[in-house]
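Enquirer: sequence first, then the predicted structure:
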Amino acid sequence: MKKQLYTLLILTLPIFASSQILWDDFEQNRISYYEFSNGGYTNRYPNPNILSSVNSSPLCAQYVRSPGDMWDVIVFLANGPIYDVTDYENGTKQMSIDIFSPAPGIPIQITLEDSTLADGPNYPFGRHSEYQAFTTSDSAWETLTFSHINSPDTNVGDNNVTSVVLGFNLGTLTNDTYYFDNLLGPEFNSQCDGLVSNPSVDFADWDCNWNLGFCPSASACASFDYMSGWLNHAYNPDTTSINTSKYSGSYTRNPDGNTGEDVLISYFTNGALDLSVNTYFNFKAYGPPRPIYMSFQDASNNEVLAFNSALSSNNQWQQFSVDLSSVASQSITRFVIFLDQNVVNWDTYFLDDFHLSSSPLALNNILDNDNITIYPQPATNTLNIEMKGNINEVKELQLFDIKGSLLLSQSINQDNIPLDVSGFDSGIYFVKIQSDKTVFTQKIQITK
């Protein structure tokens with residue numbers, strides 16, 4: 001869902017001699033992608049000094065330098081073609097960044113490069129120009145402005161730069177921790193230019209809309225946002241189907257070793273949902289065939305509505321639409337996602353396009369659990385499926401294995417179906433029941 005108009009004003013600073021555009025503030029303004037880092041990089045980390053007059057924003061990035069890499073770097077890619085960088089090389093314009101460092105006198109370097117030519121061992125190839133600044137403070141925020149110091153590869157044209165490479169204390173073997181924020185880099189043709197985001201409807205698409213609050217793992221969190229695993233900005237793993245956007249979120253589970261519990265909690269940065277017109281909450285997911293449980297909650301963490309569904313196909317984007325019309329009068333301030341609840345694994349899922357709409361967008365919406373019963377669990381020879389209500393709307397029943405392979409498919413013409421599973425091996429499977437508008441998916445177990 002990359003159709004909203006987005007105002008360039010919140011991405012661009014006023015134009016003056018040293019101006020450029022805001023690549024990332026680790027909150028709402030994020031128009032760059034992180035291709036590589038040697039050390040431990042966490043974007044959206046709590047500000048170590050939120051009372052600072054230089055940088056008082058809640059979130060920043062934390063970077064723990066790799067002690068085994070003398071030339072430790074972070075590579076940032078623009079989400080569109082970078083314009084001519086001649087003015088940075090001649091000093092007419094300068095890049096800047098807010099830094100919180102462990103000591104004064106530390107050199108910080110930015111390299112503009114063509115990443116299609118540059119890699120670690122082949123210096124100076126692909127490195128268009130290098131810029132440097134030195135820290136002046138000890139454990140305090142300061143804004144560093146970078147000056148041109150070198151142009152290693154003159155064969156890289158001023159219009160061929162693809163990346164900004166950030167290095168901390170290059171040429172040393174240290175494991176220092178740095179915090180940085182408000183990266184101001186060269187102008188580029190951003191895919192977000194001209195788009196206007198509505199924070200009441202457009203929540204997160206990992207391209208231009210950032211109106212969800214996520215808390216990074218292993219850090220101090222606000223009163224109601226937390227995640228067990230790791231949520232990163234990633235390339236869309238499949239742009240050929242229902243999700244054609246360039247980027248998505250990549251979430252890797254980090255389950256509790258005893259119960260397998262893993263949670264991803266997010267709040268709506270614009271406050272409680274306005275469901276007066278738009279009552280369908282939509283999102284896309286991609287990953288292994290696993291159950292998805294989403295809990296919509298109020299500010300006191302009380303569940304307002306529960307949504308149960310599943311990814312029924314292996315590594316294919318699926319659209320989910322949650323009907324919130326029955327709770328439209330209630331206050332929903334956050335949601336909690338459970339992926340493959342109570343199971344110990346470290347699977348990775350991709351998430352995208354969290355938004356509201358006035359009508360359901362697609363299939364993969366769940367049928368009412370109260371109308372479908374599947375038993376016994378586990379099953380050995382026969383799996384019984386009982387349905388209530390208007391089964392004339394139900395069209396097809398399918399069975400998938402854990403890899404998402406379709407094992408059987410049959411039309412439904414009765415409300416009690418004995419499914420012969422005697423020929424299947426022990427393991428986890430998924431039953432999928434589909435109508436014209438909705439889908440019910442449930443994980444089942446077969447034992448011999």
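Expert: Thanks, I have the structure now.

Enquirer: which residues of the chain fall in helices?
Expert: In the chain, helices defined by DSSP state H lie at 86-89, listed in chain order.

Enquirer: show me the shaky parts of it.
Expert: Within the chain, the segments meeting pLDDT under 70 span 1-19, 214-226, 361-370, 389-395, 402-404, 435-439.

Enquirer: residue with max distance from the center of it?
Expert: Farthest-out residue of the chain from its mean C-alpha position, per C-alpha atoms, centre = their mean: Q414, at 42.0 Å.

Enquirer: any idea how many residues pack against G257?
Expert: Using other C-beta atoms under 10 Å, G257 has 8 other residues around it. For every residue, glycine as well, the C-beta is placed using N, CA and C.

Enquirer: using the record's domain definitions, break the chain down for me.
Expert: Taking automatic domain parsing as the reference, the chain has its domains at 8-185, 202-357, 369-446.

Enquirer: out of those domains, which gets nearest to C192?
Expert: domain 202-357 (3.8 Å; C-beta to C-beta).

Enquirer: quick check, distance from that closest one to the centre of its chain.
Expert: 9 Å (C-alpha atoms, centre = their mean, to the nearest Å).

Enquirer: would you confirm that Q297 contacts V336?
Expert: Yes - when contacts are counted by C-beta atoms under 8 Å, Q297 is listed as touching V336 (6.5 Å).

Enquirer: give me the beta-bridge partners of the residue most central in space within the chain?
Expert: In the chain, the centroid-proximal residue (C-alpha atoms, centre = their mean) is G249; its distance is 2.1 Å. Beta bridges link G249 to H233, L351 when assigned by DSSP bridges.

Enquirer: contacts only, for it.
Expert: By C-beta atoms under 8 Å, 6 or more residues apart in numbering, the contact set of G249 is A204, W206, L231, N232, H233, A234, F350, L351, D352.

Enquirer: at 10 Å instead, please
Expert: 204-206, 212, 214, 231-234, 236, 264, 283, 285, 349-354 (C-beta atoms under 10 Å, 6 or more residues apart in numbering).

Enquirer: mind checking which of the domains of the chain is nearest L195?
Expert: Nearest of the domains of the chain (C-beta to C-beta): domain 202-357, 5.4 Å.

Enquirer: what's the span of stretch 419-427 from first residue to last?
Expert: From its first residue to its last, stretch 419-427 covers 16 Å (C-alpha to C-alpha, to the nearest Å).

Enquirer: now what about it, what contacts it?
Expert: 374, 378-385, 397, 399, 401-402, 407-408, 410, 429, 431, 444-448.

Enquirer: just the buried ones from those?
Expert: Burial by neighbour count, 16 or more other C-beta atoms under 10 Å: within the contacts of stretch 419-427 this picks out I374, A379, L383, I385, L397, L399, D401, Y429, V431, I444, I446.

Enquirer: could you dump those to CSV with distance to A306?
Expert: Shown next, in CSV, are the buried ones among the contacts of stretch 419-427 (distance: C-beta to C-beta, whole Å):
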residue, distance to A306
I374, 18
A379, 25
L383, 24
I385, 22
L397, 24
L399, 25
D401, 27
Y429, 23
V431, 20
I444, 20
I446, 27
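
Enquirer: closest to S309 among those?
Expert: V431 (12.7 Å).

Enquirer: for the residue farthest from the centre of the chain, give me phi and psi.
Expert: phi -150, psi 160 (degrees, to the nearest 10).

Enquirer: got it, and N342?
Expert: phi 60, psi 20.

Enquirer: quick one: contacts for the closest residue to it other than its chain neighbours?
Expert: In space, and not counting its chain neighbours, N342 is closest to G260: 4.6 Å by C-beta to C-beta, 6 or more residues apart in numbering. By C-beta under 10 Å, 6+ apart, the contact set of G260 is R253, D340, Q341, N342, V343, V344, N345.

Enquirer: out of those, flag the one nearest to N308.
Expert: The closest of the contacts of G260, once distances to N308 are taken by C-beta to C-beta, is Q341, at 10.0 Å.

Enquirer: check contacts around the nearest residue in space to the closest one that is not next to it in sequence.
Expert: Setting aside the residues directly before and after it, Q341 is nearest to Y293 in space (C-beta to C-beta, 6+ apart), at 5.6 Å. For Y293, the contact set (C-beta under 10 Å, 6+ apart) comprises 263, 306-310, 336-342.

Enquirer: with T382 instead?
Expert: Applying C-beta under 10 Å, 6+ apart, the residues contacting T382 are Y375, P376, P418, L419, D420, V421, S422.

Enquirer: CSV please, covering the residues you listed and showing distance to V161.
Expert: Below are those laid out as CSV (distance: C-beta to C-beta, whole Å):
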residue, distance to V161
Y375, 62
P376, 62
P418, 65
L419, 59
D420, 62
V421, 58
S422, 63
